[in-house]
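S.K.: Got a sequence here, can you model it:
(one chain, ligands or ions: 1)
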Amino acid sequence: MPSQPSRLSASSDPPAGGWTSADEQAGVARRLVVVTVVGSGYVGTTTAALLTALGIKTYAVDIDEAKVDKLKDGKAPFYEVGLDNLVAYGIDNNYLVPTSSYEESIPHASIVISAVGTPENADGSPDLRYVYSALESIAQNATGPLIYVQKSTVPVGTGRAIIAKYAELSDKPFSYVSAPEFLREGTAVVDSIEPDRIVVGGDDADSKHIITTIFRDISSRRAEIADIADQPIQNLPEPIAFNMSIESAELTKVTANAFLALKISFANSIAKLADSTNADVAEVMDAVGSDKRIGRAFLNAGRGYGGGCFPKDVKGLISSAKANNVAMDIMTAASNLNDSMPSYIVDRLKDELGELETKKIAILGLAFKAGTSDVRKSPGIKIANLLQQAGSKVSAYDPQAHNEALADLDEGIALLDSAQLAIKNADAIVVATEWPEFKDIDYSQTTAKLLFDAMNLLDSSMIVRNGLEYRGVGRRLKL
Ligand code: NAD
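M.R.: Purely as a prediction, here's the structure:
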């Protein structure tokens, strides 16, 4: 068992006379702590920026020089509402130090937060190579005791393996805390300042206390941080802190995402049945979701989930179950159902349009969800590519994600400068991301005769008033 980090124990010791308040304790911790956040993606940048808003000196280390340069310019490396303001605040006040150098960023740190990517392998298991290469660089450069906080989503059992690996790589004291992240892209800042919960798993009570205190501090000072970010707060209750084992914390994260994915796939399977009958899935889910035991959230039918988390976390849970000889058929079914949604929508378009070949189809929305430029596992891109492969002429528009989408879109798909331009000469329109601005498009200015609302976003009567036929996923027309 590694010994406890003495530097950290010293900084969390109460002053003579004791702490007078949680605020004072947090304030002292802020001045003493230097944090290095490894990985400047969605989670890492948001975490680093929030720490600097607390006045904590924070190194943001990434191997991607382009991201480091963008941060040094005072901008987030991707679109996330409110984050540019926080990054600029951190840079302007010299709290945020973006770097690609472990030599520069690790020796000063007493806390290292790992937020590198954990993509999936071909067999669905998480690819942990970035986690381990970052760990090696941290171990090579550690000059003293570290609290290592795992924010990346890793399979249950990874924390124990990391503790053992670090002991092979370094003789410095090392305390592991699993602190899974629950932010959502598109609302990352507000989610992080008003989280429902703080989950910390670890063996060492002091380390867990220090990490909980820092994340609680973000929420206690939400008004100031929201002011810097220029974001609204809802004055939600303080987060509940859950203190548990490493394994429980690891499993909490994937279980939460898997359950949400399950709800979406469940709604989509009911939507398919609604499409074959005369039911409307939104009416059904409004009534079903009013039951407090069930809840309405995540029961919206549509083109299925995408992004960097749900698809891989579901597959990661299936893979963990398999590795432990546990059947997880329920999640396999949810994953298969989700994979079927883009082609389900293309098949329904074909039913409506006759042939897809030579049809001009406008796709509105390429980001996997509104509020982000992230296109990882984007169902909108999948639909666009399926249509292109079927011989349609596809034009597409997204308010934020053109740069990111380029690499994943099939050749020949035209990216247009506005939604209005994309729909102008189309035969059909597909809404594939729930960007609110798609509600305000002038749908009278199109040659299209059909709008397929793959997000069930729009008011069908508005579309019909504009002279188009409306189709949704599991929805009936409301006239
Ligand atoms: P991301 O791909 O946006 O960012 C990961 C970053 O890590 C990249 O910038 C990459 O260059 C960097 N990186 C890789 N190897 C590195 C190394 N050795 N040293 C330094 N930097 C390195 O990923 P993300 O979306 O921020 O997700 C990070 C983790 O958090 C994942 O495990 C993910 O599942 C989890 N998570 C993500 C979200 C989300 O909404 N994006 C929410 C909760 C949890």
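S.K.: three-state assignment of Val189?
M.R.: Under DSSP: H, G, I helix; E, B strand; the rest coil, Val189 falls in the helix class.
S.K.: What count of nearby residues applies to it?
M.R.: Number of residues near Val189 (other C-beta atoms under 10 Å) recorded here: 26. Every residue, glycine included, has its C-beta placed from N, CA and C.
S.K.: Could you do Ser100 as well?
M.R.: 16.
S.K.: Distance check, it against Ala60.
M.R.: Going from Ser100 to Ala60 by C-beta to C-beta, to the nearest Å gives 10 Å.
S.K.: Equivalent analysis for Ser320, please.
M.R.: 30 Å.
S.K.: ok, these two, which is more surrounded?
M.R.: Taking other C-beta under 10 Å, Ser320 and Ala60 do not tie; Ala60 has more neighbours (32 against 21).
S.K.: need the contact list for that one.
M.R.: 36-37, 40, 44-45, 48, 68, 71, 96-99 (C-beta atoms under 8 Å, 6 or more residues apart in numbering).
S.K.: Quick one: these as TSV, columns for pLDDT and neighbour count too.
M.R.: Converted to TSV, the contacts of Ala60 look like this (pLDDT from 0 to 100; neighbours: other C-beta atoms under 10 Å):
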residue	pLDDT	neighbour count
Thr36	98	27
Val37	98	31
Ser40	98	30
Gly44	98	25
Thr45	98	29
Ala48	98	32
Val68	98	19
Leu71	98	24
Leu96	98	27
Val97	98	22
Pro98	98	26
Thr99	98	17
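S.K.: Can you narrow those down to the ones near the ligand?
M.R.: When contact is defined as C-beta under 6 Å from any ligand atom, the contacts of Ala60 meet the ligand at 40, 44.
S.K.: Just the ones in strands from the contacts of Ala60, please.
M.R.: 36-37, 96-99 (DSSP state E).
S.K.: quick one: buried residues of stretch 184-203?
M.R.: Using 16 or more other C-beta atoms under 10 Å as the test for burial, stretch 184-203 gives 184-195, 198-203.
S.K.: before we move on, what about stretch 322-338?
M.R.: Per 16+ other C-beta under 10 Å, stretch 322-338 contains these buried residues: 328, 331-332, 334-335, 337-338.
S.K.: of all those residues, which comes closest to Ile56?
M.R.: Met331 (37.8 Å; C-beta to C-beta).
S.K.: And that closest one, which helix or strand is it part of?
M.R.: helix 329-353 (DSSP states H and E).
S.K.: which other helices and strands contact that helix?
M.R.: Here helix 329-353 touches helix 246-275, helix 310-323, helix 379-389, strand 428-431, strand 450-453, strand 469-472, going by 3 or more C-beta pairs under 8 Å, 6 or more residues apart in numbering; DSSP states H and E.
S.K.: among those, which is nearest Ile111?
M.R.: Across the helices and strands packed on helix 329-353, closest to Ile111 is helix 246-275 (C-beta to C-beta), at 16.6 Å.
S.K.: so the following helix or strand past that closest one versus helix 246-275, what angle?
M.R.: Following helix 246-275 in sequence order, the next helix or strand is helix 281-289 (DSSP H and E). Per axes from the mean of the first three to the mean of the last three C-alpha atoms, to 10 degrees, the angle that helix 281-289 makes with helix 246-275 is 130 degrees.
S.K.: Now the stretch 351-479 of the chain against the ligand: closest residue?
M.R.: Nearest residue of the stretch 351-479 of the chain to the ligand (C-beta to the nearest ligand atom) works out as Asp374 at 7.1 Å.
S.K.: That residue: how many residues sit nearby?
M.R.: Neighbour number of Asp374 under other C-beta under 10 Å is 24.
S.K.: Glu247 and Gly157 touch, don't they?
M.R.: Yes. Assessed by C-beta atoms under 8 Å, Glu247 is found in contact with Gly157 at 6.9 Å.
S.K.: For the buried residues of stretch 322-338, give me TSV that also has pLDDT and distance to Leu32.
M.R.: Below are the buried residues of stretch 322-338 laid out as TSV (pLDDT from 0 to 100; distance: C-beta to C-beta, whole Å):
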residue	pLDDT	distance to Leu32
Met328	96	44
Met331	98	43
Thr332	98	48
Ala334	98	45
Ser335	98	45
Leu337	98	50
Asn338	98	46
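S.K.: from those residues, which is closest to Phe266?
M.R.: Closest approach to Phe266 among the buried residues of stretch 322-338 (C-beta to C-beta): Ala334, at 7.5 Å.
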